[in-house]
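> kindly generate the corresponding structure for this input.
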Amino acid sequence: SEWELGGYGTRNNIISTPVIVGDTVYVGMGQDPEHGTGIGHLYAIDATGSGDVTVSHVRWHVGGTEFGRTMSTPAIADGLMYICDLGGFLYCLDAKEGTRYWRHDMKAAVWGSPMLVDGHVYVGDEDGDVLVVKHGRKLDIVDELPMGATVYTTPTAANGVLYVATKSKLYALAEAKSK
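Below is the predicted model of the structure:
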């Protein structure tokens, strides 16, 4: 199969990492960022089948003008999915149905993936900002952290520290401890 579902006739590649939650595989599709923005695809596929389930087991699909090329791996919790497209949009979707709760224009290309940790979603962009939003069905922007250089990677959290790699530096961000 050429993954040309939805009648859009676009051919994309699986660049991101598919995510499995329960019996569903979620996967975004895109192209090399040098090819620019364009029509992408996001699929939820029933993983209980065998053989070629490309058409027969699609639970939902978002594409066309509703979703651009992506290199982003989805972050999923509490029935909500967060994913970005290369054009710089962060989406919050219903993971079961694929319906969109909100979309936020980050105004810069996104190469990485959203990170969901401690009730917040973190995502970096090509302008060097890390957007912080509250996990939820309504868009609630908490902050935008200027990192001073392009953030191509996914912010990563461990032991109360958020690690952000920019084009030239690695930052470890943590709450200041009072004395």
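
> rest of the way, CA atoms for contacts and neighbours
Noted.

> low pLDDT regions in the protein?
Applying pLDDT under 70 to the chain flags residues 1-11, 36, 178-179.

> partners of the longest strand anywhere in it in the sheet?
Ordering each strand of the chain by length in residues (DSSP state E) puts strand 58-68 first. The partner list of strand 58-68 in its sheet, established with DSSP bridges, is strand 39-46 (antiparallel).

> that older thread, name the residues of the longest strand of the chain that are buried.
58-64, 67-68 (16 or more other CA atoms under 10 Å).

> and if you look at stretch 110-122?
Neighbour count says stretch 110-122 has 110-117, 120-122 buried, by 16+ other CA under 10 Å.

> go on, stretch 85-104?
85-95, 98, 100, 103.

> before we move on, what about stretch 124-140?
124-136.

> show me these that map onto helices.
Among those, no member falls in helices (DSSP state H).

> restricted to strands, list those residues.
Using DSSP E, those in strands are 124, 129-134.

> now flag whichever of these is closest to Val21.
Lys134 (21.3 Å; CA to CA).

> what's the spacing between the residue lying closest to that closest one once chain neighbours are set aside and Gly30?
Of all residues not flanking Lys134 in the chain, His120 sits nearest, at 4.5 Å (CA to CA, 6 or more residues apart in numbering). Applying CA to CA, to the nearest Å, the value for His120 to Gly30 is 26 Å.

> likewise Val110?
12 Å.

> centre-most residue in this structure?
The residue lying closest to the centre of the chain (CA atoms, centre = their mean) is Ile83, at 2.2 Å.

> so that residue bridges to which residues?
Applying DSSP bridges, one finds that Ile83 bridges with Tyr91.

> ok so, going back, pull the distance from the longest strand of the chain to the chain's centre.
Using CA atoms, centre = their mean, to the nearest Å, the distance from the centre of strand 58-68 to the centre of the chain it belongs to is 13 Å.

> same check, this time on stretch 157-165
Distance, centroid of stretch 157-165 to centroid of chain: 18 Å (CA atoms, centre = their mean).

> how about residues contacting it?
117, 151-156, 170-174 (CA atoms under 8 Å, 6 or more residues apart in numbering).

> close enough to count as contact, Ile76 and Ala95?
Yes: if you go by CA atoms under 8 Å, Ile76 and Ala95 touch, sitting 7.3 Å apart.
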